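Trainee: Need coordinates for the following:
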Amino acid sequence: MEDNGRPIKGRIYVSPQGINAQFSGKYGPCKAYMDFVQQQPGFASVSWGWERVTGHMYPRLRLQTKPALVSMSGGTLQYELHDQAARCDHLEPEQWKSMIKLARTLKTKDQAGAAAAAPPSEVDVGALPEDIRERAARGDLRDIVVLDLRNDYEWDVGHFEGAERPRETEFRETPTEGQVPAYMEGVDRDTPVVMYCTGGIRCDIYSAYLREKGYDNVYALKGGVHGYFREQGGEGWNGSLFVFDGRMAVPAAKPDDAEAMLAAQSAADDTQDVSSPYAALPAAVPCQICGGERSNGAMAEAPPINCANIDCNKLVLACRACKEHLKCCCSENCLHNAPRMVRPAKPTGGNYGKWSRYAESDAVVTAGGIKSQEARARAAASGMGPLAGARGREPQANA
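Mentor: As a prediction, this is how the structure comes out:
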């Protein structure tokens with residue numbers, strides 16, 4: 001695409017199950033690529049979503065063929081994803097909003113031991129699917145299962161209210177062995193199941209798995225969370241949304257509102273890295289380092305940060321106080337005993353580059369003592385130049 005004068009960067013995955021693409025670039029080249037794809041036989045109905053950003057969100061363009069778009073522990077190629085009957089019914093964002101409200105109401109009644117009743121006034125009954133509406137009107141709908149089909153760290157950044165935290169660290173670890181899915185133990189097969197993910201692909205695959213196991217009342221959010229935000233904003237959402245690009249998190253709001261929110265917050269916050277267009281956003285959990293002790297119980301900030309210790313790199317949601325105190329490391333040990341180096345602090349998140357990018361920087365901090373000497377010796381032997389060796393040296397903000 002660079003050779004054709006279309007500087008697009010991103011990830012494009014091609015599989016027998018379909019194509020999943022995320023890319024960034026100027027509007028003209030991106031629109032030209034979208035038009036080109038839709039003109040190809042069989043691609044006229046491809047679903048697109050786009051947002052304005054301040055620059056490229058990916059370091060390069062990567063095109064990769066994969067056996068499957070989404071992985072689970074038992075595989076996914078056995079499911080007929082091109083057969084709509086084998087997958088879930090899709091809910092428009094307005095329908096989803098009503099279903100989530102109804103699910104929370106039913107959960108509250110169940111916890112209180114109250115009998116099922118007609119939906120409360122705040123639920124738009126007319127937006128519910130017909131079968132759900134009829135069951136709710138009869139008072140024989142006791143539960144709606146809400147599944148978050150993302151990774152657990154995505155849930156920590158933000159999630160729909162009432163959705164249980166995923167039990168697996170990554171969705172690909174989701175077990176498919178056994179007669180009953182892990183999330184459905186003790187749930188009747190006629191209980192409605194509603195599920196969501198960031199863009200909708202995981203839902204299509206997991207719903208085919210549930211249908212195969214005999215669960216017929218399966219629904220998914222059309223267009224994923226991105227589609228919901230575009231139409232409904234952040235109503236019913238707790239925290240922010242984790243995204244797999246340079247931003248790492250975006251506000252729970254309509255795109256135009258999100259832009260205004262970020263601009264206003266950056267302008268009002270003089271501690272914000274002015275080179276970053278992404279202000280600190282609310283997460284859905286307390287600081288994963290101090291548990292809220294340093295921030296007086298406030299929620300952590302999104303986006304998450306990678307530990308600045310290059311040999312740790314743990315993804316963590318931290319409060320501002322911990323990020324400042326630990327220079328964006330995840331612990332005192334990582335700050336003071338890093339085997340090789342502590343990279344420049346990135347308090348607003350974002351991916352680090354290759355470690356050689358930081359080895360000659362004055363902003364690099366290496367731990368003192370024997371390990372630091374070993375790190376400097378390894379760097380000198382590799383011809384990478386000297387590393388800063390003073391413990392506690394103040395790292396500079398990474399541009």
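Trainee: Identify each buried residue in stretch 139-153, please.
Mentor: Buried residues in stretch 139-153, counted by 16 or more other C-beta atoms under 10 Å: Leu141, Asp143, Ile144, Val145, Val146, Leu147, Asp148, Leu149, Arg150, Asn151, Tyr153. Backbone N, C-alpha and C define where each C-beta goes, glycine included.
Trainee: cool, stretch 36-52 as well?
Mentor: Using 16+ other C-beta under 10 Å as the test for burial, stretch 36-52 gives Glu51.
Trainee: hang on, the earlier thing: which among the buried residues of stretch 139-153 gets closest to Gly200?
Mentor: Leu149 (9.7 Å; C-beta to C-beta).
Trainee: OK, contacts around that closest one?
Mentor: Residues near Leu149 by C-beta atoms under 8 Å, 6 or more residues apart in numbering: Pro166, Phe171, Met195, Tyr196, Cys197, Arg202, Cys203, Tyr206.
Trainee: any idea how far Met195 is from the first one?
Mentor: Spelled out, that is Pro166. Distance of Pro166 to Met195, given as C-beta to C-beta, to the nearest Å: 11 Å.
Trainee: Find the residues that touch each one of these two.
Mentor: Going by C-beta under 8 Å, 6+ apart, residues that sit against Pro166 and also against Met195 are Asp148, Leu149.
Trainee: Check the offset of whatever helix or strand Asn333 lives in from the chain's centre.
Mentor: For Asn333, the host element (DSSP states H and E) is helix 332-336. Centre-to-centre, helix 332-336 and its host chain are 27 Å apart (C-alpha atoms, centre = their mean, to the nearest Å).
Trainee: With stretch 61-73 instead?
Mentor: Here the centre of stretch 61-73 is set off from its chain's centre by 17 Å, with C-alpha atoms, centre = their mean.
Trainee: what about that stretch, how long is it end to end?
Mentor: For stretch 61-73, the first-to-last residue distance is 28 Å (C-alpha to C-alpha, to the nearest Å).
Trainee: what pLDDT does the residue positioned nearest the centre of the chain get?
Mentor: The centre of the chain sits closest to Phe242, judged by C-alpha atoms, centre = their mean, with a distance of 3.0 Å. In this prediction, Phe242 carries a pLDDT score of 96.
Trainee: Tell me what it is bridged to.
Mentor: Beta-bridge partners of Phe242, counted by DSSP bridges, are Ala249.
Trainee: contacting residues for it?
Mentor: Per C-beta under 8 Å, 6+ apart, neighbours of Phe242: Arg150, Tyr153, Glu154, Val157, Gly158, Thr198, Met248, Ala249, Ala302, Pro303, Pro304.
Trainee: What about Pro304, how many residues nearby?
Mentor: By the criterion of other C-beta atoms under 10 Å, Pro304 has 21 neighbours.
Trainee: Name the SS class of it, please.
Mentor: Put simply, Pro304 is strand when judged by DSSP: H, G, I helix; E, B strand; the rest coil.
Trainee: Next up, the contacts around it.
Mentor: For Pro304, counting by C-beta under 8 Å, 6+ apart, the contacting residues are Tyr153, Asp156, Val157, Phe242, Met248, Ala249, Ala283, Leu315, Val316, Leu317, Ala318, Gly349.
Trainee: Make a PyMOL selection of whichever of those turn out to be buried.
Mentor: Selecting only the buried entries of the contacts of Pro304 in PyMOL, with 16+ other C-beta under 10 Å as the criterion:
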select buried, resi 153+156+157+242+248+249+283+315+316+317+318+349
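Trainee: which of the contacts of Pro304 lies closest to Val46?
Mentor: Nearest to Val46, judged by C-beta to C-beta, of those is Phe242 at 24.1 Å.
Trainee: Could you export stretch 310-317 as PDB, CA atoms only?
Mentor: This file holds the C-alpha atoms of stretch 310-317, laid out as PDB (Å, rounded to 0.1, in the frame of the first residue of the first chain):
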ATOM      1  CA  ILE A 310      11.900  -4.400  30.500                       C
ATOM      2  CA  ASP A 311      12.200  -7.900  31.900                       C
ATOM      3  CA  CYS A 312       8.800  -7.700  33.500                       C
ATOM      4  CA  ASN A 313       6.600  -5.700  31.100                       C
ATOM      5  CA  LYS A 314       3.500  -6.700  33.000                       C
ATOM      6  CA  LEU A 315       0.300  -5.000  32.000                       C
ATOM      7  CA  VAL A 316      -1.200  -3.300  35.000                       C
ATOM      8  CA  LEU A 317      -3.900  -0.700  35.900                       C
END
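Trainee: And the contacts of it?
Mentor: Taking C-beta under 8 Å, 6+ apart as the rule, stretch 310-317 contacts 153, 156-157, 283, 285, 287-289, 300-302, 304-307, 329-330, 334, 338-343, 352, 355, 358.
Trainee: re earlier: out of the contacts of Phe242, who's nearest Asp256?
Mentor: Of these, the one sitting nearest to Asp256 (C-beta to C-beta) turns out to be Ala249, at 17.9 Å.
Trainee: Leu63 in helix, strand or coil?
Mentor: Here Leu63 is recorded as strand under three-state DSSP.
Trainee: quick one on the thing from earlier: what would the buried residues of stretch 139-153 look like in a markdown table with pLDDT and distance to His56?
Mentor: As requested, the buried residues of stretch 139-153 are exported to a markdown table (pLDDT from 0 to 100; distance: C-beta to C-beta, whole Å):
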| residue | pLDDT | distance to His56 |
| --- | --- | --- |
| Leu141 | 90 | 47 |
| Asp143 | 93 | 45 |
| Ile144 | 94 | 41 |
| Val145 | 95 | 39 |
| Val146 | 96 | 35 |
| Leu147 | 96 | 33 |
| Asp148 | 97 | 29 |
| Leu149 | 95 | 28 |
| Arg150 | 95 | 24 |
| Asn151 | 95 | 24 |
| Tyr153 | 96 | 24 |
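Trainee: so of the residues you listed, which ones are in helices?
Mentor: Tyr153 (DSSP state H).
Trainee: closest to Val46 among the buried residues of stretch 139-153?
Mentor: Val46 lies nearest to Leu149 out of those, by C-beta to C-beta, at 21.5 Å.
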